[in-house]
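>>> Here is the input, now give the coordinates:
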Amino acid sequence: MRRSIWLALFLVIGGLLGQAHAASVAVTAANYTGSRSTSSGVTATGLWAISGLMLSWNITYDNATKLFTYKYTISDDSGKTYPVQCTQVDYLDIEVSPSYTAANTKAGSSAVTAPSNFSSSGLLGSTPYMPASGLHGVQFGLNSTLPTYTLVTDRAPIWGDFYVKGDTTLYVLGNVAWNKGFGTDPTAATTNFTNWIPTPDTIAVPVPAGVLTGGATLLGMAGLTLYRRRRQLA
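Numbering: from 1, shown residues only. Now for the predicted structure:
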């Protein structure tokens, strides 16, 4: 019996590792609320480099529906929301894993696109100043005056990337911002996650308790490190 339990556990872990291209670390419940700003973890250009740009988040989990609700709020460094330094948000991109589909976006979400690859463009393109690595994610907007964007999904949070661009009427000023760790992943040894924000993972967790009977301690010691295949942009 015990051998069967451990076999099931190793099959679960093996399945996760089999999807891996690079390791990503689960966001702990202690970090389900937080923020990143130009004073800590965010790179910004244009007027946002002057006023500061802050992305705050709050994540909740509904045990009844087995769904996570991610709320992302854009403001300046003082917490002032729209208009953030005279410009509304054109759009906000949040990284998701390549296995994430439109079906993983559930009722209650803000207007959001199906997952897509977003690549770096010139200054007059749709993604000015985006780091060359690009991003695979969902997009909120367009030209939204809402300071908060909601994503309801069955995917649990791991540390990932974001990119936000200001109103196109101020395009020439290049009001954009992104996390400083854009294009990279933390590792199991990482203890400071300032360069990333919580984003939806490949795997929906918590994993059913019955599957992990006898192995929860092992997973806890491993820090609940999850794996996902990173973006593979053309």
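>>> Next one: A102, what pLDDT does it get?
Listed pLDDT for A102 reads 95.
>>> Leaving out chain neighbours, which residue sits closest to it?
Leaving aside its chain neighbours, A102 sits nearest to A114 (4.2 Å; criterion: CB to CB, 6 or more residues apart in numbering). All C-beta atoms are positioned from the backbone trio N, CA, C, and that covers glycine.
>>> Look up how far Y100 lies from the one you found.
For A114, the distance to Y100 (CB to CB, to the nearest Å) stands at 9 Å.
>>> Looking at the two, which is more packed in?
Y100 (23 against 12; other CB atoms under 10 Å).
>>> dump the residue contacts of the more buried one.
115, 138, 153, 155, 200, 202 (CB atoms under 8 Å, 6 or more residues apart in numbering).
>>> From the contact counts, what lies against the one helix or strand T69 maps to?
Using DSSP states H and E, T69 sits in strand 67-75. Packing partners of strand 67-75 (3 or more CB pairs under 8 Å, 6 or more residues apart in numbering; DSSP states H and E): strand 54-62, strand 89-95, strand 148-153, strand 197-200.
>>> So A30: helix, strand or coil?
With DSSP: H, G, I helix; E, B strand; the rest coil as the basis, A30 sits in helix.
>>> low-confidence ranges in this structure?
For the chain, the stretches with pLDDT under 70 are 1-23, 82-87, 122-125, 142-145, 168-173, 204-234.
>>> which residues in this structure form strands?
22-25, 33-37, 42-44, 54-62, 67-75, 89-95, 116-118, 135-144, 148-153, 157-160, 162-166, 176-179, 197-200, 225-228 (DSSP state E).
>>> buried ones in the longest one?
It stands for strand 135-144. Across strand 135-144, burial judged by 16 or more other CB atoms under 10 Å covers 135-141, 144.
>>> List the contacts of the closest residue to K71 other than its chain neighbours.
Spatial nearest neighbour of K71, excluding adjacent residues (CB to CB, 6+ apart): N58 at 4.7 Å. Contacts for N58 were tallied using CB under 8 Å, 6+ apart; they are 32-33, 70-71, 73.
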